[in-house]
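*Asks:* okay, sequence plus prediction incoming.
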Amino acid sequence: MDKREQTIKNMFSEIAGSYDTANSVLSLGIHHLWKNKLVDQTPLQPGDSCLDCATGTGDLALLFKKKVGPAGQVIGTDFCQEMLDEAPAKAEAQKLDITFQLADVTELPFEDNQFHSTSISFGIRNVENREKAYQEMARVTKSGGHVMVLEFGQIETPVIKQGYNFYSQKVLPFIGGLVSGKPKAYQYLNDSSQVFPCGEPFKNEVMATGAYQDVSVFPLSFGVAYIYKCQVL
């Protein structure tokens, strides 16, 4: 793990306890709508298997388990143990049988073609070697299956862009700092989102790996976030 990745891991370990609260406050709950939309667009049937990378406190894994049902398998992985520690209690409270384990998305400890679908939500921009992550997620996903990505983007509409930029640059770090006690973590959220490739540039980056046959792009909330539906070769 390089210095940047270790810094990010330490940051998430420090905000793990307040992560869910901060997300709901800062997004006004909209991130739940985005995650539900991603799950709705994921071609999974009852009994299928799903891997959720960078699962954090497990929100997306919970939604996928509800979709694949009791006969389906969901595994949630993250490289930060402190974030993962928050997930099992949430699954138990909803009586959902989900496996959570420590794993890096660039070195997934799973067999080739193991899952019907693999996902990563608000995690890919934190990965130093994104090409390796795309390849690993494709490797563990069945041929013709999908890697689903949910990530922040940038708004292009001028008036909306100005308002959102003010919020993300000034308000978000302040409120995030109040909730978590770690304002630098939410400054990082804004800074990393502003420079991360979105839309067609992201699609081109994924397709350049040669591991996918197609990537569909779906902007959310004027481009604040994007869903990418990446079909594996």
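*Replies:* Perfect, thanks for sending it.

*Asks:* direction included, what does the top strand by length along the chain pair up with?
*Replies:* Ranked by residue count and defined by DSSP state E, the top strand of the chain is strand 141-152. Looking at strand 141-152 with DSSP bridges, its partner strands are strand 115-121 (parallel), strand 225-232 (antiparallel).

*Asks:* turn the ones you listed into CSV, columns for distance to Ala16 and mean neighbour count.
*Replies:* Where C-beta positions appear, they are placed from N, C-alpha and C, glycine not excepted. Putting these into CSV (distance: least, Cβ to Cβ, whole Å; neighbours: other Cβ atoms under 10 Å) gives the following:
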stretch, distance to Ala16, mean neighbour count
strand 115-121, 16, 26
strand 225-232, 22, 21
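
*Asks:* mean pLDDT for the ones you listed - can I get that in CSV?
*Replies:* Converted to CSV, those look like this (pLDDT from 0 to 100):
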stretch, mean pLDDT
strand 115-121, 98
strand 225-232, 98
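
*Asks:* which residue is the nearest non-sequential neighbour of the residue positioned nearest the centre of the chain?
*Replies:* By Cα atoms, centre = their mean, the mean C-alpha position of the chain lies nearest to Ser121, the distance being 1.1 Å. Once flanking residues are discounted, Ser121 sits nearest to Leu150: 4.2 Å by Cβ to Cβ, 6 or more residues apart in numbering.

*Asks:* neighbours of that neighbour, just the number please.
*Replies:* Applying other Cβ atoms under 10 Å, we find 24 residues neighbouring Leu150.
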